[in-house]
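S.K.: got a predicted model here, sequence first, then my questions.
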2 protein chains.
Amino acid sequence: MDVKTLCLAVLFQGEATGYEIKKAFEEGPFAHFQRASFGSIYPALSRLLADGMAVAEAHEQDGRPDKKVYRLTQTGRAAFLRAIGQEPEHDQFRSDMLFLLYFARELPPDRVAALIDRYIESYTSQADHIEACRMERQSSGAEIDPGRWLVSGFGVEVYRAAADYLVRNRGPLLSGLSKHSQAAE
Amino acid sequence: MDVKTLCLAVLFQGEATGYEIKKAFEEGPFAHFQRASFGSIYPALSRLLADGMAVAEAHEQDGRPDKKVYRLTQTGRAAFLRAIGQEPEHDQFRSDMLFLLYFARELPPDRVAALIDRYIESYTSQADHIEACRMERQSSGAEIDPGRWLVSGFGVEVYRAAADYLVRNRGPLLSGLSKHSQAAE
DNA sequence: AGCGGTATATATCGGACCGATATGATTCAC
DNA sequence: GTGAATCATATCGGTCCGATATATACCGCT
């Protein structure tokens, strides 16, 4: 998905500024499976305006730089619906952790241990965070969107599986590593 | 990890051509957690040569274009070891599936169902493939590298968790979707 | 025998995208 | 009251991807 489509997606859910769009990929609903930077969001928004897919309203602010609130036009909504009708690209996972762990033999064992601990912590806290959001939404009494519910549940499940696997295999890896270094001496 | 480091990683394990390096990220050992394209591999290899991190030997081939086999120098090995001593970037997952499913309400239900089925199939076959490689390696009698063993196990586990979750939640999503559309009418 | 598809192999180019940086005021904690 | 974090827009250099160009060989199908 290109950044233009990603911006359409955020704006499809309601008006927003460029800054707020960025937040949607940093801490917001899309944080765990899509990303976009300022360097691509602002040019994309300009394109959206030029193509008549969005309109911007300038809010003069007390002190702070002027805020430009973007809102989709009918053309923009149609374009988004068309975009999500296209064939999706393959999901991809990019992990420096696995890359480093692949070369665990070339690293000091205590660094390997620290690396795994950090990732266990990171995956666990991400699962916890999503789960907290789910609980909050569920108990708020508001209507639950089935698509969003499935997506957030996926995140919890997969993060937990990853953390779990690391917890279970931390010990075996470390002892395998020390056995190997003994054999080499 | 930048492409230069990725090339160093492949060459650290033995000499290879640019084409073979590409395959290492397409079907080889790094396929599931790192990637690199020709458009970045060939320039990276040129840089490696210029920086004295690798040497290339031209193999004249029967018919086919000349093959350039790259091999690391001591400088190259040292550079790789230094590179994996650096702090890793955060793991990231990019999924068009989750993006589309987030907007399941805006899609025809049969497309949603087909989408989920395709991803279940894809995740399952990827897990199966890694597991087959693991079994083969294990029964080959060769010494098992603990780092690589952990990495491939991680892949199996996480892919299975993802496929499992989709199998369990396919039905609930679809019925949630139809309930919603009934309520809207 | 001939055709198309896939595999081997190197290389470049346009465009998309990221990360860092510039700018500048406000609010909040210590 | 000082420094950190937040709000807000914007650009720029550099990296990387995807498509394309260029060849040849082998395999299966008809």
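M.R.: Here it is on my side, so go on.
S.K.: so where's chain A shaky on pLDDT?
M.R.: Applying pLDDT under 70 to chain A picks out residues A:61-65, A:180, A:182-185.
S.K.: and the lengthiest helix in it, what's buried?
M.R.: Longest helix in chain A by number of residues, with DSSP state H as the criterion: helix A:146-184. Of all the residues in helix A:146-184, those buried under the rule 16 or more other C-beta atoms under 10 Å in any protein chain shown are A:146-166, A:169-170, A:173-174, A:176-177, A:180. The C-beta positions use only the backbone N, C-alpha and C, and glycine is treated the same way.
S.K.: tell me the contacts of the residue nearest the centre of chain A?
M.R.: Nearest to the geometric centre of chain A sits residue A:32, at 2.2 Å (C-alpha atoms, centre = their mean). Contacts for residue A:32 (C-beta atoms under 8 Å, 6 or more residues apart in numbering or on different chains) come out as A:126, A:130, A:155, B:93, B:98.
S.K.: contacting residues around the helix or strand containing residue A:47?
M.R.: Element membership for residue A:47 (DSSP states H and E) is helix A:38-50. For helix A:38-50, contacts defined as C-beta under 8 Å, 6+ apart pick out A:2-4, A:6-8, A:11, A:18, A:21-22, A:36, A:54-56, A:70, A:76.
S.K.: DNA strand C next: which of the buried residues of helix A:146-184 are close?
M.R.: When the buried residues of helix A:146-184 are filtered against DNA strand C using C-beta under 7 Å from any atom of the strand, no residues are retained.
S.K.: what about the contacts of residue A:32, which are in helices?
M.R.: Per DSSP H, those map to helices at A:126, A:130, A:155, B:98.
S.K.: any idea how many residues pack against residue A:8?
M.R.: 24 (other C-beta atoms under 10 Å in any protein chain shown).
S.K.: OK, contacts around it?
M.R.: Counting by C-beta under 8 Å, 6+ apart, residue A:8 touches A:48, A:53, A:72, A:76, A:79, A:80, A:83.
S.K.: from chain A, which residue is nearest to DNA strand C?
M.R.: Nearest residue of chain A to DNA strand C, counting by C-beta to the nearest atom of the strand: residue A:39, 2.0 Å away.
S.K.: how far away is that residue from residue A:18?
M.R.: 11 Å (C-beta to C-beta, to the nearest Å).
S.K.: using the three-state scheme, assign residue A:85.
M.R.: Under DSSP: H, G, I helix; E, B strand; the rest coil, residue A:85 falls in the coil class.
S.K.: report the contact partners of it.
M.R.: By C-beta under 8 Å, 6+ apart, the contact set of residue A:85 is residue B:107.
S.K.: what are the phi and psi values for it?
M.R.: Main-chain torsions, residue A:85, degrees, to the nearest 10: phi -90, psi -20.
S.K.: do the same with residue A:16
M.R.: The phi/psi pair for residue A:16 (degrees, to the nearest 10) reads phi -160, psi 160.
S.K.: wait, it sits on residue A:70?
M.R.: Yes: contact status for residue A:16 versus residue A:70: in contact at 6.2 Å, counting by C-beta atoms under 8 Å.
S.K.: need the residues of chain A near DNA strand D, please.
M.R.: So chain A meets DNA strand D at A:17-20, A:23, A:38-39, A:42-43, A:45, A:61, A:64-69, A:89 (C-beta under 7 Å from any atom of the strand).
S.K.: give the buried residues for stretch A:9-21.
M.R.: Buried, per 16+ other C-beta under 10 Å, within stretch A:9-21: A:9, A:10, A:11, A:12, A:16, A:18, A:20, A:21.
S.K.: contact partners for the last one?
M.R.: Residue A:21 is in contact with A:7, A:10, A:11, A:36, A:41, A:45, counting by C-beta under 8 Å, 6+ apart.
S.K.: ok, residue A:107 - contacts?
M.R.: Going by C-beta under 8 Å, 6+ apart, the list of residues near residue A:107 reads A:100, A:115, B:84, B:85.
S.K.: which ChimeraX command selects the buried ones in the residues you listed?
M.R.: To isolate the buried members of the contacts of residue A:107 in ChimeraX, using 16+ other C-beta under 10 Å:
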select /A:100,115 /B:84
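S.K.: alright, that wraps it up for me.
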